[in-house]
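Student: Structure for the following, please:
(2 chains)
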Number of protein chains: 2
Amino acid sequence: MSKDRLVVAVVGATGAVGREMLSVLEGRDFPATEVIALASARSAGTTVPFAGAELKVKELTEDSFEGVDIALFSAGGSTSEKFAPIAAKAGCVVVDNSSAWRMDDRCPLVVPEVNPEALEKHNGIIANPNCSTIQMLVALKPLHDTAKIKRVVVSTYQAVSGSGQKAITELETQTRQLFNMQQPEAEVYPYQIAFNALPQIDVFMDNDYTKEEMKMVNETVKIFNDSSVKVTATCVRIPVFYGHSESVNIETAQKITPAEARAILTQAPGVTVLDNPGEKIYPMAIDAAGQDDTFVGRIREDESIENGLNMWIVADNIRKGAALNTVQIAEELIKRDLLGVKDTTVFD
Amino acid sequence: MSKDRLVVAVVGATGAVGREMLSVLEGRDFPATEVIALASARSAGTTVPFAGAELKVKELTEDSFEGVDIALFSAGGSTSEKFAPIAAKAGCVVVDNSSAWRMDDRCPLVVPEVNPEALEKHNGIIANPNCSTIQMLVALKPLHDTAKIKRVVVSTYQAVSGSGQKAITELETQTRQLFNMQQPEAEVYPYQIAFNALPQIDVFMDNDYTKEEMKMVNETVKIFNDSSVKVTATCVRIPVFYGHSESVNIETAQKITPAEARAILTQAPGVTVLDNPGEKIYPMAIDAAGQDDTFVGRIREDESIENGLNMWIVADNIRKGAALNTVQIAEELIKRDLLGVKDTTVFD
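Tutor: Numbering: from 1, shown residues only, chains lettered A, B, ... in the order given. Down below sits the predicted model:
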C-alpha cells in the first residue's frame, strides 16, 4: 500500500531507542512522507540524523499530533501516560515502547510475528512489549502452535543498553576505572556492573519478583492470549553492551523433539536457527548486535521431564527488543489499513 | 585430633587452584606437620608462597607419595588418572579436584556439608565435585532434606577463573583490546568472552549438552545418593573474573515457602542468606569473591507450579568450588580418623 501522505512522529527521538527507531525507519524504507522528531523541551532545537540529513527536534506539546498519522513513543512511562491519549484523541495511532499501556485491556500488546491480529481492534494506543518478552515469544510461538507450551522457566542475561545510553557509559567507565585501580562508581545501577552479574532488573514488586520478571510472566499470557501458559522468570543484568541472551526451558503438552523444534524454527518468521554444537555454532550477544532476527540454538531435550526442551535465545534488545518491533507494528498497521482512530473517547 | 606427623602434598601447586589450596591450608591452620608442593617437571625448581615463606616445587614422580598422608590434586584429569592410583597404592589418601574420578563407583564424591558420610568407605581416592555442582548442592541439601527436591532447572553465570589463570588473562586482554579499537584475540575460549555470554563450558557430548552441564546432572544424583532428583542445566560463561552465579528453580514434593526456605538456609552450614529485596540485598559475584560461604538470595515462590521456588546462588568458584572444598574434605578425613588406605589393590 502507498499513501499520498503519511506523517510519522518519533517521540523521544534523542534517546538510544528513538535514534534507533529513526535508523530502522530509514533502513526499511518506511513509506512515510514526513518524519517528525519530538522530544522534551530540554532537547528541542537539537538535531538527530535521518536519511542522510539532520532532523530538527521539536518540543513535545499537546498540539504535536495534529496531522500526524503514527507516533512511535520511546520517552518513558510518564510521558506515554500523558501524551499517548492526547495523540489518540487527535486521531494519531500510537505505538508505545514504554510499559505504561502494556497491561491495559484497551491496548493491544503486539509482536508482529506472534499476534498481529490483535491490532485489528486497536483504540489508538498499541503497546510494544518488553524487550526480553519479545525475543522469547518470537522463538516460542511456533513451538506453542505445534506442541502447546504449558510452562516456561527462563533466566536472562541482559545487556546494559536496555537501561539506555547512561548505562552503556557506566559499564565502559567502570571497566576503565577498575583497570586503572580506581573505585568504580555506580549511578545507573545499584552496584558495580563491570565484571559482575546483577540479579535485579527494574524495581522489586510485593512478591519479591522484579518488575522485569513479572513483565515476562504477564506479557506472555496477554500476547499468546492464553492464560494456561505459566512462566517463571529470573532476570539478570550482565556486563554486555548489546544483545540479550536467555536460557529458556519449556514443558509442552505434546512431545516435540529437538530436531522437530529446529525444523519448525528454521521456517519461523524473524528467527534464525544457529545450532550446531559439533561446529561450536550457537547464538551469542556479540553476533546478534545490529541484527533484526532472533537467534535460537542449544536446542536439546530436557530429560528431567517427559516433554521438555532447553534452548538459548539471543536478540538485539535495542532493535528487535524495541525500535524494530515498534516500526514493524507500524508497518503492520499500514498493511492492514488500520490507521486512524475510530473512537477517540476510549482513553478519556 | 592432632597427629605427631601429618604430611600433605599439593599436586599442581603452581596452578590457580593449587596456589589457592596452599592459601586455604595456611588460612585454616590445617594441622600438617609438612606441606610438599608438587608439579610437572616444567615447574619443578620454582617456588610458591606458603606460610610466609617460599616452598620449593618438586617434580611429580611415581615416588612422590612415599610417606605422604594426604595428597590434594589439582593438576588436570590425565595427571590424576595416572598418579592418583599410584598415591593410593602408597597408602596416601588422594582428594582429587579433576573430573577424572568423580563418577567412578570406587570413589566417594563429597561436599563436606552435604555427604561427609560418603568418606567412610573410601578406597584411597576421593573426588571433589565440579565447582558449579558444589555451590548448588550446599544450598539445596537442607531444602532437599526438608521438602524433597524432585526437579532442578539451573542456568549458570560462570566466571572465567574456572578455566584457570590463562582465561583470567584472556578476559583482561580482550577488554583492553576492545577499548583500544583492536580485534580481541580468543585462545582459551572459542569466541570473545569480553562483553559477551558464551553458552558453552567444556566440550559438547553426544546429547548436545556440554560436559559441564552433564556434570551438574550426574554429580547431583551421586552426591545426594538419590536417583529420583532430576536436574537439567544450561551452563554459560560470562565476563566475570571470580564467583559463579546460578539461577536455580526447584520443584519439591512437599510445600516449602520462601520464608521457610530462608529460615532453613540461615541455619545451614556453609550458607549465608542475603535476601532482602526491599534493601536491594542479594548475592553478587563481586561480593562472594574471596569468601568461604555459599550465598543464597532472591528466594521466591515459583507460581507456575504447585511446589516451586526460585533462588540465586553465588560462591567463589576457586575457593568453595575447588580449593576450600578439597581442604575441607581433608579436614573431615582427619576428624573421622579415615587416613590411610585399607585395601591398596582397589585401583590396580
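Student: How about A:Thr175, nearest residue that isn't a chain neighbour?
Tutor: Residue nearest to A:Thr175 in three dimensions, not counting chain neighbours: A:Ala194, with 4.6 Å by Cβ to Cβ, 6 or more residues apart in numbering or on different chains. Where C-beta positions appear, they are placed from N, C-alpha and C, glycine not excepted.
Student: what's near enough to touch that neighbour?
Tutor: A:Leu171, A:Gln174, A:Thr175, A:Gln177, A:Leu178, A:Pro184, A:Pro239 (Cβ atoms under 8 Å, 6 or more residues apart in numbering or on different chains).
Student: Up against chain B, what does the stretch 101-250 of chain A have?
Tutor: A:151-153, A:155, A:157, A:171-172, A:175-176, A:179, A:190-192, A:195-200, A:204, A:207-209, A:217, A:230-232, A:234, A:236, A:238-241, A:245, A:247, A:249 (Cβ under 8 Å from any Cβ of the partner chain).
Student: Which entries within these meet the buried criterion?
Tutor: In these, burial by neighbour count holds for A:151-153, A:155, A:157, A:171-172, A:175, A:192, A:195-200, A:204, A:208-209, A:217, A:230-232, A:234, A:236, A:238-241, A:245, A:247, A:249, counting by 16 or more other Cβ atoms under 10 Å in any protein chain shown.
Student: Tell me which entries of the residues you listed lie within strands.
Tutor: Using DSSP state E, the members of these that fall within strands are A:Arg151, A:Val152, A:Val153, A:Ser155, A:Tyr157, A:Lys230, A:Val231, A:Thr232, A:Thr234, A:Ser245, A:Ser247, A:Asn249.
Student: wait, which of these is closest to B:Pro277?
Tutor: Nearest to B:Pro277 out of these is A:Thr234 (Cβ to Cβ; 12.8 Å).
Student: in the sheet, who's paired with the closest residue in space to that closest one that isn't next to it in sequence?
Tutor: The shortest distance from A:Thr234 to any non-neighbouring residue, by Cβ to Cβ, 6+ apart, is to B:Ser247 (4.2 Å). B:Ser247 has these beta-bridge partners by DSSP bridges: B:Ser155, B:Trp312.
Student: need the contact list for A:Ala322.
Tutor: Contact analysis of A:Ala322 by Cβ under 8 Å, 6+ apart lists A:Val17, A:Glu20, A:Ser74, A:Asn97, A:Asn128, A:Cys131.
Student: likewise A:Asp287?
Tutor: A:Gly243, A:Leu274, A:Phe295, A:Val314.
Student: what helix or strand does it sit in?
Tutor: Using DSSP states H and E, A:Asp287 maps to helix A:285-288.
Student: I'd like the mean pLDDT over that helix, please.
Tutor: The average pLDDT for helix A:285-288 rounds to 98.
Student: With just CA atoms, put that helix into PDB.
Tutor: The C-alpha coordinates for helix A:285-288 follow below in PDB (Å, rounded to 0.1, in the frame of the first residue of the first chain):
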ATOM      1  CA  ALA A 285      25.200 -11.500  22.000                       C
ATOM      2  CA  ILE A 286      28.100 -10.000  20.100                       C
ATOM      3  CA  ASP A 287      26.800 -11.700  16.900                       C
ATOM      4  CA  ALA A 288      23.200 -10.700  17.400                       C
END
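Student: next structured bit after it?
Tutor: Helix A:285-288 is succeeded, C-terminally, by strand A:294-301 (DSSP H and E).
Student: Report how far apart the opening and closing residues of stretch A:287-302 are.
Tutor: Taking Cα to Cα, to the nearest Å as the measure, stretch A:287-302 stretches 26 Å from start to finish.
Student: Check stretch A:226-234 too.
Tutor: Note: stretch A:226-234 ends 21 Å apart using Cα to Cα.
Student: next one: it to chain centre, how far?
Tutor: Averaging C-alpha positions (Cα atoms, centre = their mean, to the nearest Å) puts stretch A:226-234 18 Å from its chain's average.
Student: cool, and stretch A:139-150?
Tutor: For stretch A:139-150, the distance to the chain centre is 20 Å (Cα atoms, centre = their mean).
Student: which residues are in contact with that stretch?
Tutor: A:111, A:113-114, A:152, A:224, A:226, A:228-230, A:248, A:250-256, A:260-261, A:264-265, A:267-268, A:271, A:294, A:296, A:307, A:309, A:311, A:313.
Student: Show the buried residues in those residues.
Tutor: A:111, A:113-114, A:152, A:224, A:229-230, A:248, A:250-252, A:256, A:261, A:264-265, A:268, A:271, A:294, A:296, A:307, A:309, A:311, A:313.
Student: I'd say A:Phe131 and A:Ala323 touch.
Tutor: That one is not Phe; residue A:131 is Cys. No - contact status for A:Cys131 versus A:Ala323: not in contact, 10.2 Å apart, counting by Cβ atoms under 8 Å.
Student: neighbours around whichever residue of the stretch 1-150 of chain A sits closest to chain B, how many?
Tutor: Closest approach between the stretch 1-150 of chain A and chain B, counting by Cβ to the nearest Cβ: A:Lys150, at 9.0 Å. A:Lys150: 19 surrounding residues under other Cβ atoms under 10 Å in any protein chain shown.
Student: any idea how far it is from A:Arg176?
Tutor: 47 Å (Cβ to Cβ, to the nearest Å).
Student: A:Arg19 too?
Tutor: In this view, A:Arg19 and A:Arg176 are 24 Å apart by Cβ to Cβ.
Student: Could you report the pLDDT at A:Thr266?
Tutor: Looking at A:Thr266, its pLDDT stands at 98.
Student: What strand or helix carries it?
Tutor: helix A:258-267.
Student: That helix and chain B, are they touching?
Tutor: Yes - on the criterion Cβ under 8 Å from any Cβ, helix A:258-267 is in touch with chain B at A:Pro258.
Student: What helices and strands are in contact with that helix?
Tutor: Judged by 3 or more Cβ pairs under 8 Å, 6 or more residues apart in numbering or on different chains; DSSP states H and E, the packing partners of helix A:258-267 are helix A:131-147, strand A:271-273, strand A:294-301, strand A:308-315.
Student: again, 7 Å this time
Tutor: For helix A:258-267, the packing partners by 3 or more Cβ pairs under 7 Å, 6 or more residues apart in numbering or on different chains; DSSP states H and E come out as helix A:131-147, strand A:271-273, strand A:294-301.
Student: so can I have JSON lines of those showing mean pLDDT?
Tutor: As requested, the helices and strands packed on helix A:258-267 are exported to JSON lines (pLDDT from 0 to 100):
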{"stretch": "helix A:131-147", "mean pLDDT": "98"}
{"stretch": "strand A:271-273", "mean pLDDT": "98"}
{"stretch": "strand A:294-301", "mean pLDDT": "98"}
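Student: Out of the ones you listed, the one nearest A:Gly164 is which?
Tutor: Among the helices and strands packed on helix A:258-267, the nearest to A:Gly164 by Cβ to Cβ is helix A:131-147 (12.0 Å).
Student: can you pull the buried residues of that closest one?
Tutor: Here helix A:131-147 shows A:131-144, A:147 as buried, counting by 16+ other Cβ under 10 Å.
Student: same thing with stretch A:280-291?
Tutor: Neighbour counts over stretch A:280-291 (16+ other Cβ under 10 Å) mark A:Tyr282, A:Pro283, A:Met284, A:Ala285, A:Ile286, A:Asp287, A:Ala288, A:Ala289, A:Gln291 as buried.
Student: residues contacting the third one?
Tutor: What that stands for is A:Met284. The contact partners of A:Met284, by Cβ atoms under 7 Å, 6 or more residues apart in numbering or on different chains, come to A:Val314, B:Tyr191, B:Asn196, B:Ala197, B:Leu198.
Student: Report the mean confidence score over stretch A:80-87.
Tutor: On average, stretch A:80-87 scores 98.
Student: So which elements touch the one helix or strand A:Ala87 maps to?
Tutor: In this assignment (DSSP H and E), A:Ala87 forms part of helix A:77-89. Under the contact definition 3+ Cβ pairs under 7 Å, 6+ apart, helix A:77-89 sits against strand A:70-73, strand A:93-96.
Student: Alright, calling it a day.
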